[in-house]
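Peer 1: test case, fold it:
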Amino acid sequence: MKETKNIITIRKTDSSKANCAFADLMEKTESIFNERSKSNHNLYKKISSSDLEKATEFIIKEACFGTPFDANNVKLISGQAFPDIIAEKYYGVEVKSTDKNHWTSTGSSIVESTRDKYVENIYMLFGKLGGNPPEFRCRPYQDVLYDITVTHSPRYLINMELQEGKSIFAKMNTTYDELRTSKDSIEQVRRYYKEKANKENKKEMPWWLTSSEPEIQNSFNVRLWNSLTIGERRDLLSKSLILFPETMSPKQNANKYIQTTLWLCACYQVVMPNIRDIFSAGGKISSVNGVTLKTPIPKIFKTIVESAEYIKSLLEKPNENFKLMLMEYNPSIKNYNDWLNLCRKIGKENNIPLIQWIEDNVNLK
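Peer 2: Reported below is the predicted structural model:
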């Protein structure tokens, strides 16, 4: 009788053949689960998630008989790393279930910080426990992830009936492996949802509780603008004048501060009940840099002048995270001169020497 090669030997010579063998193993596992569920409708009806993981480990080991996989090398590691079960070092199984009668649920974190470093190929084993009898399906992990939601961190949404080409990765024009190995996966996802909202003409912005931006230090608490320190207010006000040029215009319209409001809430968990006040409170002013004006002007121009020096420091040496914000919200601004050119245009439109006021203000300090 010819001895069956083990999966590691097959993998070394033909990885695609090894992957097919793993797919066969998962198909066999699915079949065993469903056969047993049909013969005893109550067997998995009330099973807990931890017990389902144990049952999955047991059945995968059983399914290994007659395959290149060694049952002794199938191990449940749930609670220690992702995925829940590892077979022969390079193959993994993530176990999920729902007590409802549908094939959808919330999955694991998109960051995969606890992913086993050796696992290359992962399958999803999903239990639809609300059916009569409960049913089980196994599919490649990346093929059943259709969207992303946020609980305490961005997590995938699972649909075991998802059609080919409808995954979140297809929508983002990337692949599962490309996204999971990216250093800025969360930022890529945030940009995707922001662009999606823009295309659909929706006034919304994605919010992730966990952020890759260390200076933001997202907290679990939403704060009011008035509770911020003077330094925090100066920082956010100055950044908004760079990222959202519409805030610098004296013209008023109903949508003028929507993007700024969403940005403050989405990135900093800051709520500004009367956001117009931070840009134009006080209506009009009669002097700039101590010089009396012939005609009063909107207060926003004084705000711009007094913020210019700090804006210069932000744009002359922007950190990586602020560079990302510039690319995302206002890619036309790459340096301080670009912002000054914008101010020059605004000054011209309103027939005021805005650039001269900015220069004079810096000289006064």
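Peer 1: how deep is residue 35 tucked in, by neighbour count?
Peer 2: Around residue 35 there are 9 other residues, counting by other C-beta atoms under 10 Å. Glycine gets a C-beta too; all of them are placed from N, C-alpha and C.
Peer 1: what does residue 82 give?
Peer 2: Residues within reach of residue 82, counting by other C-beta under 10 Å, total 19.
Peer 1: that one and residue 115, how far apart?
Peer 2: With the distance defined as C-beta to C-beta, to the nearest Å, residue 82 ends up 5 Å from residue 115.
Peer 1: swap in residue 48?
Peer 2: When distance is defined by C-beta to C-beta, residue 48 is 24 Å away from residue 115.
Peer 1: who has more neighbours, those two?
Peer 2: In this comparison of residue 48 against residue 115, neighbours counted by other C-beta under 10 Å, the higher total goes to residue 115 at 17 against 9.
Peer 1: that one touches residue 180, doesn't it?
Peer 2: Yes - the pair formed by residue 115 and residue 180 meets the contact definition of C-beta atoms under 8 Å, at 7.5 Å.
Peer 1: what about the helices in this protein?
Peer 2: Counting by DSSP state H, the segments of the chain that form helices are 7-13, 15-39, 49-63, 168-171, 176-180, 185-199, 230-243, 258-268, 276-280, 300-316, 320-329, 336-349, 354-364.
Peer 1: okay, those helices in JSON lines with mean pLDDT and distance to residue 73 next?
Peer 2: Supplementary listing: these in JSON lines, determined by pLDDT from 0 to 100; distance: least, C-beta to C-beta, whole Å:
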{"stretch": "helix 7-13", "mean pLDDT": "93", "distance to residue 73": "9"}
{"stretch": "helix 15-39", "mean pLDDT": "97", "distance to residue 73": "12"}
{"stretch": "helix 49-63", "mean pLDDT": "97", "distance to residue 73": "9"}
{"stretch": "helix 168-171", "mean pLDDT": "96", "distance to residue 73": "29"}
{"stretch": "helix 176-180", "mean pLDDT": "94", "distance to residue 73": "24"}
{"stretch": "helix 185-199", "mean pLDDT": "82", "distance to residue 73": "30"}
{"stretch": "helix 230-243", "mean pLDDT": "94", "distance to residue 73": "52"}
{"stretch": "helix 258-268", "mean pLDDT": "86", "distance to residue 73": "45"}
{"stretch": "helix 276-280", "mean pLDDT": "78", "distance to residue 73": "61"}
{"stretch": "helix 300-316", "mean pLDDT": "92", "distance to residue 73": "54"}
{"stretch": "helix 320-329", "mean pLDDT": "80", "distance to residue 73": "42"}
{"stretch": "helix 336-349", "mean pLDDT": "94", "distance to residue 73": "58"}
{"stretch": "helix 354-364", "mean pLDDT": "80", "distance to residue 73": "68"}
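Peer 1: export those to a markdown table and tack on distance to residue 76?
Peer 2: As requested, those are exported to a markdown table (distance: least, C-beta to C-beta, whole Å):
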| stretch | distance to residue 76 |
| --- | --- |
| helix 7-13 | 18 |
| helix 15-39 | 14 |
| helix 49-63 | 4 |
| helix 168-171 | 27 |
| helix 176-180 | 22 |
| helix 185-199 | 27 |
| helix 230-243 | 47 |
| helix 258-268 | 38 |
| helix 276-280 | 54 |
| helix 300-316 | 50 |
| helix 320-329 | 39 |
| helix 336-349 | 56 |
| helix 354-364 | 64 |
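Peer 1: out of these, flag the one nearest residue 222.
Peer 2: helix 258-268 (7.5 Å; C-beta to C-beta).
Peer 1: by contact count, what packs against the closest one?
Peer 2: Other helices and strands packing on helix 258-268, by 3 or more C-beta pairs under 8 Å, 6 or more residues apart in numbering; DSSP states H and E, are helix 230-243, strand 270-271, helix 320-329.
Peer 1: could you check the angle helix 230-243 makes with it?
Peer 2: Note on geometry: by axes from the mean of the first three to the mean of the last three C-alpha atoms, to 10 degrees, helix 258-268 and helix 230-243 are set 130 degrees apart in direction.
Peer 1: list the buried ones in helix 258-268?
Peer 2: The neighbour-count check on helix 258-268 (16 or more other C-beta atoms under 10 Å) flags 258, 259, 260, 261, 262, 263, 264, 266, 267, 268 as buried.
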